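Visitor: next input, structure requested:
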Amino acid sequence: MSINLEGKKVLVTGGDSMVGGAICQSLQRQGARVDPCPHEECDLLDRVQFHERIWTVKPDYVIHAAGWNGGIEWNRRYPEAIYYKTSLMALNVLKSCVNSSVEKVVSIISSCAYPNGLIGAMKEDDFWNGLPNTSVECHGLSKRMLDAYSRQINREHGLMAVCAVLTNSYGPCDSFHPDKTKVVGALIRKFVEAKERGDKEVVCWGTGAPLREFMYSEDAGSALVEVLSKYDDPTKVINVGSGQEVSIKELTETISEVVGYEGNVVWDADKQDGQMRKLLDSSRFRDLLVEGWANHSLKYGIGVTVEWYKQNKEYADNKKVKA
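Guide: As a prediction, the model looks like this:
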């Protein structure tokens, strides 16, 4: 049964982030009244603050999109802090929704929470069948907390608390700071700066062979609102992906073309490729969708993101993980 969001109050944690902002825009298009719950106004690490926010705003629904995470180097440097802060946010947000005005909570989990080494597309039944890759274990395990605690809340209190596993996303309003950005942002910055300097070559790590799935942030935002509206199974996470799988080499070529870089791309095969394939099986999510919902193409999404980045470069380059 689909929820009519017209006039409903929806609180979105992390509403000032790339994906959170896209969720807010999608909700507003459906007539919802949105509270983006910015970090500057409400510290999710303080349960009293968030509890007061819930009781002040009195939302009908909550989408939890916040977390304390960055790129691979950030994970390497601060694994304990990432695990503690992201887990604490999860517990505080979900606990505050119990016995309140909230009718349903959707929590967003990163695809890095899946076990390392799965063969083929990642299916929901495999979510707990092993540990995440060691490079992202701190973030992946802290996000799993959402699924575990959501089920316990539903069992004891009957609150509809569901979890969506989101694939790699990119788009405007992302951070392009080295500590925070992921592969799409890092490559866009690399090629934009190489063109500005007139570099004759750009060096990329690995062989370019690994396969990845990417989802434009606007598509991710509308997809997660679909989950809020239609998904009601607290016993199992639901994958949300684009189904658009490309190699890192293909991604690099697309970014280079969109940026207009005319130099050479050199692959440093001495650097590790990492996990060779990372694709979500989103067939259960596809079964939820209304006719007419579709992803934007990778080239379209990259084009919009590159233009936004060039116009907001100083801000994007200095947008860091918030302490």
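
Visitor: list the buried residues of stretch 79-97.
Guide: Within stretch 79-97, the residues that count as buried by 16 or more other Cβ atoms under 10 Å are 79, 82-83, 85-90, 92-94, 96-97. Every C-beta, even on glycine, is put in place using the N, C-alpha and C of the backbone.

Visitor: could I get the residues you listed as CSV with pLDDT, distance to Val106 and secondary structure?
Guide: Listed next are these as CSV, based on pLDDT from 0 to 100; distance: Cβ to Cβ, whole Å; DSSP: H, G, I helix; E, B strand; the rest coil:
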residue, pLDDT, distance to Val106, secondary structure
Pro79, 94, 27, helix
Ile82, 94, 22, helix
Tyr83, 96, 22, helix
Lys85, 96, 20, helix
Thr86, 95, 17, helix
Ser87, 96, 18, helix
Leu88, 97, 19, helix
Met89, 96, 15, helix
Ala90, 95, 13, helix
Asn92, 97, 16, helix
Val93, 98, 11, helix
Leu94, 98, 11, helix
Ser96, 97, 15, helix
Cys97, 98, 11, helix
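
Visitor: and which of those residues is nearest Phe127?
Guide: Phe127 has its nearest neighbour among the buried residues of stretch 79-97 in Ala90, at 15.5 Å by Cβ to Cβ.

Visitor: isn't that closest one up against Ala148?
Guide: No: in this structure Ala90 lies outside contact range of Ala148 using Cβ atoms under 8 Å: 9.2 Å.

Visitor: dump stretch 191-206 to CSV, restricted to CA.
Guide: In CSV, the C-alpha atoms belonging to stretch 191-206 read as follows (Å, rounded to 0.1, in the frame of the first residue of the first chain):
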residue,chain,number,x,y,z
PHE,A,191,40.4,15.8,-14.6
VAL,A,192,39.0,19.3,-14.1
GLU,A,193,42.3,20.4,-12.4
ALA,A,194,44.4,18.6,-15.1
LYS,A,195,42.6,20.5,-17.8
GLU,A,196,43.0,23.8,-15.9
ARG,A,197,46.8,23.3,-15.6
GLY,A,198,47.2,21.9,-19.1
ASP,A,199,48.6,18.6,-17.9
LYS,A,200,49.6,16.2,-20.7
GLU,A,201,48.6,13.1,-18.7
VAL,A,202,46.5,12.0,-15.8
VAL,A,203,47.6,9.0,-13.7
CYS,A,204,44.8,6.8,-12.3
TRP,A,205,45.3,4.0,-9.9
GLY,A,206,45.0,0.3,-10.7
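
Visitor: just give the nearest non-adjacent residue to Leu94, would you?
Guide: The shortest distance from Leu94 to any non-neighbouring residue, by Cβ to Cβ, 6 or more residues apart in numbering, is to Tyr149 (5.4 Å).

Visitor: which regions of the protein sit below the pLDDT cut-off?
Guide: 1, 290-293, 320-323 (pLDDT under 70).

Visitor: hey, where'd the helices end up in the stretch 101-250 of the chain?
Guide: For the stretch 101-250 of the chain, helices defined by DSSP state H, counting those that start in this stretch occupy the ranges 137-157, 183-197, 217-230, 248-259.

Visitor: got the buried residues of stretch 79-97 as a markdown table, with distance to Asp35 columns?
Guide: Listed next are the buried residues of stretch 79-97 as a markdown table, based on distance: Cβ to Cβ, whole Å:
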| residue | distance to Asp35 |
| --- | --- |
| Pro79 | 32 |
| Ile82 | 26 |
| Tyr83 | 27 |
| Lys85 | 22 |
| Thr86 | 21 |
| Ser87 | 23 |
| Leu88 | 21 |
| Met89 | 16 |
| Ala90 | 19 |
| Asn92 | 16 |
| Val93 | 13 |
| Leu94 | 17 |
| Ser96 | 13 |
| Cys97 | 13 |
